[in-house]
Structures are given as C-alpha cells and as structure tokens.
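A.B. asks: below are the sequence and a predicted model for it; my questions follow.
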Amino acid sequence: MTPTGERVTIAVVEHNGRYLVGTRGPEQSLAGRAEFPGGRCLPGEAGSACAIRECLEETGLRVTAVRKLCECRHTYAHGKLHLEFWLCRPEQAEEASRVAGGFRWVPSESLDSLDFPEANRTVLKILSAGGRNAS
C-alpha cells in the first residue's frame, strides 16, 4: 500500500452502449453494491495491464484497454484506495455474450439507477456525459 492508498484499477468495459457490471459478493467489503470488474494492482503493474488482467480473471472476457477515464482517491472504513478507471472494449465482439462471474451487460442509461460505491461517482458522471470528460 502506498501512502495515498492501495492501488486499484477498474475495467469499465463498454460494448454497443452497454457496460459490464456485477454485484459485490457477501464476503467482500461493500457487499451487495454494483461494481465494474477490477482489483488490486500487482507491484510495478501498469494500470491498463491490471484492468485487462482483472477483467479476464473476474469475467473470462478478454479486453483491450482504450484509455484512462479518470483516477481518484477515496477513503472507506476498510481503507484508503487510489483508483484508476480504464475504458476497455472486448477484444472480440462475439465473446461479449459469454461473460462469467455474475457480470451482466447494463445499458448506459441504467447505470445511475445502480447502487455503486461512492468512489465510482466521478466515472459515472463521465459515462453519463458520453465519456467526453475523460483524462
């Protein structure tokens, strides 16, 4: 963990105007909340590489990291996080229907109705603006 928090990268996977979303399990912090695939970065791992790896591990879907949407720091009761959000797309469109791990495709206009953790507020605003504010 760095002084600014544990480094976590999130894969915001878009395909045909829909985003890949799951629900945090009962054994996880923030259980029951909506989530994009993602997780802790390995030492020295680039954010884009972490997004690709975590998405494959959690969903079985191979993706390409397109660009960083934003990054933020957030403090929860369970710790400080330094989050990077990466826009990703499936490597092969035909594989998009075969996601695992309880993830599903959600239309972009439905994202605001889901119960995401507070640290996702910035990326959700970017997505609702059509991704125009991305860094």
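C.D. replies: Sure thing, it's come through.
A.B. asks: for S113, grab phi and psi.
C.D. replies: For S113, the backbone dihedrals (degrees, to the nearest 10) come out as phi -90, psi -10.
A.B. asks: got it, and E71?
C.D. replies: phi -140, psi 150.
A.B. asks: that one: neighbour count?
C.D. replies: When counting by other C-beta atoms under 10 Å, one arrives at 17 neighbours for E71. C-betas here are computed from N, CA, C, even on glycine.
A.B. asks: that one touches A51, doesn't it?
C.D. replies: No. If you go by C-beta atoms under 8 Å, E71 and A51 don't touch, sitting 11.9 Å apart.
A.B. asks: which parts of the protein are strands?
C.D. replies: 6-15, 18-23, 34-35, 38-40, 63-76, 79-90, 104-107 (DSSP state E).
A.B. asks: go through those and name the closest to C55.
C.D. replies: If you check each of the strands of the chain against C55 by C-beta to C-beta, strand 6-15 wins as the nearest, at 4.0 Å.
A.B. asks: helices and strands around that closest one, which ones?
C.D. replies: strand 18-23, strand 38-40, helix 47-59, strand 63-76, strand 79-90, helix 121-128 (3 or more C-beta pairs under 8 Å, 6 or more residues apart in numbering; DSSP states H and E).
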